[in-house]
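Undergrad: Pasted the sequence and its predicted model underneath.
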Amino acid sequence: MAFFILIETATPTCSIAVTENEKVIEIKESNEKNSHSRLVTLYIDHLLKNNQIPISKIDAIAVSMGPGSYTGLRIGVSTAKGLCYALSKPLIAVNTLQSMAYGMIAHYTESTENLLFCPMIDARRMEVYSAIYDSNGDERRKTKAEIIDENSFMDYLESSVMVFSGDGALKCQEVIRHSNARFFDDFKPSASHMAKAVYEKYTAQQFEDVAYFEPFYLKDFIAGIPKVKGLR
């Protein structure tokens, strides 16, 4: 029996879960904009106290590693690393798109047999972060940043039905019009979707180096032009 704290802040959803092995004990989430830094530690404290789990009983800290929001990733990873240092616990990192794929597979209402799943995270304009997984959650195409047009994913769509979801998929529905494309609209990333991968990595002792671990940004951070007069 092992207990984990799961942190998902790579997307607009701030989501924290406490799990026992693969079982989600409780989860707290918010879709409030820019709330991650304010809520992460509050949610962790609430979940542990509400379930009477001493923080010393936590076996590992898990974090959604990206790709995703630069700021959100920094918040999640810094919180996870701080807990690991303070508690002398291992750090587990899960690809954000992989955990989304697990969630899509678990919650998609139609048969998932022989389907491909493509979680997408908005990366501004018509660019998204995406990867492709089969119905077992195994990776079929690696994570990458790409600009979506009418020819995107054609090699896969010609031979398979693909399910797209995430905030990146919402803006692509009018562009990806192939008859084999399905869009799973009622879906949000959640720390609960990390549970399976976290337990598998813990069992296999696949831990990160806490000192040197960095989020999977995929793209370099580019600061916007300040809008306040005098800061240009």
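TA: Received the coordinates, thanks.
Undergrad: I'd like the distance between the residue nearest to L218 when sequence neighbours are not counted and N180.
TA: Once flanking residues are discounted, L218 sits nearest to P67: 4.0 Å by C-beta to C-beta, 6 or more residues apart in numbering. In short, each C-beta sits where N, CA and C put it, glycine included. Per C-beta to C-beta, to the nearest Å, P67 is found 25 Å from N180.
Undergrad: can you check E8 too?
TA: Taking C-beta to C-beta, one finds E8 at 30 Å from N180.
Undergrad: just F213 next, same as before
TA: According to C-beta to C-beta, F213 stands 38 Å off from N180.
Undergrad: Check the residue nearest to L218 and give its pLDDT.
TA: On pLDDT, P67 comes in at 97.
Undergrad: E8 and N180: which has the busier surroundings?
TA: E8 (31 against 17; other C-beta atoms under 10 Å).
Undergrad: Which strand or helix spans A80?
TA: Using DSSP states H and E, A80 falls within helix 70-87.
Undergrad: mind checking which helix or strand of this protein has the lowest mean pLDDT?
TA: The helix or strand with the lowest mean pLDDT-type score in the chain, counting by mean pLDDT, DSSP states H and E, is helix 167-170 (a mean of 92).
Undergrad: Check which helices and strands that helix sits against.
TA: Applying 3 or more C-beta pairs under 8 Å, 6 or more residues apart in numbering; DSSP states H and E, one finds that helix 167-170 contacts strand 116-122, strand 127-134, strand 181-184.
Undergrad: Can you say which of the ones you listed is nearest to G103?
TA: Shortest distance between G103 and these, using C-beta to C-beta, is found for strand 116-122: 8.3 Å.
Undergrad: hmm, who's touching that closest one?
TA: Residues from elsewhere that reach strand 116-122 (C-beta atoms under 8 Å, 6 or more residues apart in numbering): 10-11, 67-68, 96-97, 100-101, 104-105, 108, 128-135, 140, 153, 156, 160-172.
Undergrad: list the contacts for the residue nearest the centre of the chain?
TA: The centroid of the chain falls nearest to T96 when counting by C-alpha atoms, centre = their mean (2.8 Å). By C-beta under 8 Å, 6+ apart, T96 lies in contact with 8, 10-11, 64-68, 121, 189, 216.
Undergrad: show me where this structure has helices.
TA: Listed in chain order, the helices of the chain (DSSP state H) span 36-50, 70-87, 96-107, 154-157, 167-170, 195-203.
Undergrad: out of those helices, nearest to I16?
TA: Ranking the helices of the chain by proximity to I16 (C-beta to C-beta) places helix 36-50 first, at 4.0 Å.
Undergrad: Alpha carbons only: can I get that closest one in CSV?
TA: What follows is helix 36-50, C-alpha atoms only, in CSV (Å, rounded to 0.1, in the frame of the first residue of the first chain):
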residue,chain,number,x,y,z
HIS,A,36,-2.9,27.7,-9.4
SER,A,37,-0.3,29.5,-7.1
ARG,A,38,-3.0,30.3,-4.6
LEU,A,39,-4.7,26.9,-4.4
VAL,A,40,-2.1,24.2,-4.8
THR,A,41,-0.8,24.1,-1.2
LEU,A,42,-4.3,24.8,0.2
TYR,A,43,-5.7,21.8,-1.7
ILE,A,44,-2.9,19.5,-0.6
ASP,A,45,-3.4,20.5,3.1
HIS,A,46,-7.1,20.1,2.9
LEU,A,47,-6.9,16.6,1.2
LEU,A,48,-4.4,15.3,3.8
LYS,A,49,-6.4,16.6,6.8
ASN,A,50,-9.8,15.6,5.4
